[in-house]
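# All I have is the shape, not the residue letters:
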């Protein structure tokens, strides 16, 4: 199908199906309910399975079973739901089960509200579950990009045998934009066959076991190193970001997802007013893109990190710049949108050498 | 004539077989300790002819120690 | 001389990790024998839970997955939905199934999920040292009911077989025990029936097996068998609670 106007939640569901996902387990939670409704309609059409679980705890464990059995499998939820999934996610990483997990973030903490927000950055990038593990976390800022990244996510998950998180927010989930599913620009990968999956032995010589229990510490230690070999590879190959107008920039805005759209407009306004402003937009939140900061830290007067939260990605920017230059922050939680006028004001202060 | 074979190193000395044997010919072999440190279950050779091959012992054994032939 | 009884091919050669006399070992063997005799070993995918039987994935000679505590029915659901023609089973204790995993087992049964659940009820949390479980009897002393379980503090033991058998999606539920040879034989028949219910695509099947815990009950293995018969069975009556099988072998 050529370009079609679609709601974010539905576009990400269709993208999963286009990527060959035939198993989806979910649970109702605003603002991602359109994903489950869409999957409930579409999966039967493609001979797939849509199952509404009794809780997010159960849903993520169904994903574990299906992924361990060799299927391309997905779940989607929103912030509180992802909190319930954290134990399952640690098991998925520990047992090396590939899957795609979508978080359409909303205001928090606690029950919070249902507007789009970005308060779960740490939860997904710093490991919300127990133990040393990483999740590859991708943050789209348009519906087209969400659809592309979902398709990419399934390949990444299979290549690294690890969960991949798509970190969207309520706005991206609810708004409509044209989407073209056909010529998806995906990285060429030769994905290994899933010889490890529990498909029933048949006449296979060895038994396949999906497991994260290694009761003998030296064996579990070795297992951790195996996982971190994969993460090192991901840090080399899966970093994604966008840089706009950074060549001569004195002040660089740093924002991801929906917030990057607002930041881009503010950058254009500031440019028109004669300020040399650029934008760094991380797309992979883990592995976090350090490269664009290394390239720009010497030339800028400072960075302005803008998030729909009380400030989480700002810490990664400080780490990436090693605080060589001031890293300012402006954010608003709870689904409130940071004001462009305030952003412009801060840019002027930084350009004027504010410490 | 039936015979009971004990894979002694798997035995944990729980005596469920002793309890289950209708002919009461199984006992714990106090003359040795197996690799796990237990007295393994056994049937003294002079009692083996009383075995009727019912396999009650094997069915009650939690550790697949016993093989019965007849 | 013909072999009357030998170890089933349904078990690997990894020795069991259970305490001396623990009847987990018997139940494992019965499940393995049932799968071997039904000729489904090569189609079986099992899900181990968390508790004393957490190493079950090393004992059953088929593809296995290790589930988080209480989540085995959900993991099994995920597997079965990917491989509807395979024989999927879970092996769970009472803490796993009747406490933290209550939602998962109730909804797997309510969905009529075509899986077989082996539910081992030994009236306490064995692995962690003998705490009270939802199946601990009134008055029973455990690590966390040192003065005996009191209903006014910890409520009443749950009869899972009766409770789940009220759900439409259930095809076969039987409660059995393994405290003597007669009951071991009956338990094996029950387990085979449960697998048959799955093979005949009738829906959800579960076999509850009253089991011993000599170490945490503070008894010899033989005394523990007697305790199951004298104390547990009166509260947990044995029998078939639901059966929609075409013909029972």
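Yep, it's here. For clarity, every value in this text was computed on a predicted model and none was experimentally measured.

# Compute the first-to-last residue distance for stretch C:173-189.
Length of stretch C:173-189, first residue to last, C-alpha to C-alpha, to the nearest Å: 12 Å.

# mean confidence score for it?
Averaged over stretch C:173-189, pLDDT sits at 98.

# How about stretch B:50-64?
For stretch B:50-64, the mean pLDDT works out to 98.

# Is that stretch in proximity to chain C?
Yes - using C-beta under 8 Å from any C-beta of the partner chain, we find that stretch B:50-64 touches chain C at B:53, B:55, B:56, B:58, B:59, B:60, B:61, B:62, B:63, B:64. Glycine gets a C-beta too; all of them are placed from N, C-alpha and C.

# hang on, the last one packs against residue B:10?
Yes - the criterion here is C-beta atoms under 8 Å, and residue B:64 meets it with residue B:10 at 6.7 Å.

# Where does residue 5 fall, secondary structure wise?
This is for chain A. strand A:4-7 (DSSP states H and E).

# I was thinking of chain B, sorry if that wasn't clear
Counting by DSSP H and E, residue B:5 is found in strand B:3-6.

# Run the chain-centre distance for that strand.
Strand B:3-6 sits 7 Å away from the centroid of its parent chain (C-alpha atoms, centre = their mean, to the nearest Å).

# And chain A, split by domain according to the record?
A:4-237, A:242-351 (automatic domain parsing).

# Compare those domains and give me the one nearest residue C:106.
domain A:4-237 (7.7 Å; C-beta to C-beta).

# Check whether the closest one comes near chain C.
Yes - residues of domain A:4-237 are located near chain C by C-beta under 8 Å from any C-beta, namely A:23, A:25, A:49, A:51, A:53-55, A:57-59, A:61-71, A:73, A:87-88, A:91, A:95, A:198-203, A:207-213, A:215.

# mind listing which of those are in strands?
Of the positions in the residues of domain A:4-237 next to chain C, A:23, A:25, A:49, A:51, A:73, A:209, A:210 sit in strands, assigned by DSSP state E.

# Just send the residues you listed back as JSON lines, with pLDDT too.
Shown next, in JSON lines, are these (pLDDT from 0 to 100):
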{"residue": "A:23", "pLDDT": "98"}
{"residue": "A:25", "pLDDT": "98"}
{"residue": "A:49", "pLDDT": "98"}
{"residue": "A:51", "pLDDT": "98"}
{"residue": "A:73", "pLDDT": "98"}
{"residue": "A:209", "pLDDT": "98"}
{"residue": "A:210", "pLDDT": "98"}
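
# immediately after the strand holding residue B:5, which helix or strand?
helix B:16-20.

# Give me the contact list for that next one.
B:26-28, B:41, B:56-62, B:65-66, C:21, C:180-181, C:221-222, C:225 (C-beta atoms under 8 Å, 6 or more residues apart in numbering or on different chains).

# got a list of contacts for stretch A:29-44?
The contact list for stretch A:29-44 (C-beta under 8 Å, 6+ apart) reads A:7, A:9-10, A:12-14, A:16-17, A:22, A:24, A:26-28, A:48-50, A:52, A:56, A:76-78, A:80-81, A:102, A:104, A:106, A:114-116, A:170, A:173-174.

# that older thread, the strand holding residue A:5 packs against which elements?
Helices and strands touching strand A:4-7, by 3 or more C-beta pairs under 8 Å, 6 or more residues apart in numbering or on different chains; DSSP states H and E, are strand A:176-179.

# in the strand it packs on, what's buried?
Across strand A:176-179, burial judged by 16 or more other C-beta atoms under 10 Å in any protein chain shown covers A:177, A:179.

# mind listing the helices for chain B?
Shown for chain B, the helices assigned by DSSP state H span residues B:16-20, B:56-60.

# now the ones you listed as a markdown table including mean neighbour count?
As requested, the helices of chain B are exported to a markdown table (neighbours: other C-beta atoms under 10 Å in any protein chain shown):
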| stretch | mean neighbour count |
| --- | --- |
| helix B:16-20 | 23 |
| helix B:56-60 | 25 |
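
# Could you dump the ones you listed into a markdown table with distance to residue C:40 added?
Formatted as a markdown table, those follow (distance: least, C-beta to C-beta, whole Å):
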| stretch | distance to residue C:40 |
| --- | --- |
| helix B:16-20 | 28 |
| helix B:56-60 | 22 |
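
# Now do stretch B:56-63: everything it contacts.
Residues external to stretch B:56-63 that are found in contact with it (C-beta under 8 Å, 6+ apart): B:4, B:10-12, B:14, B:16-17, B:19-22, B:26, B:41, B:66-68, C:5, C:15-16, C:18, C:21-26, C:29, C:180-181, C:184-185.
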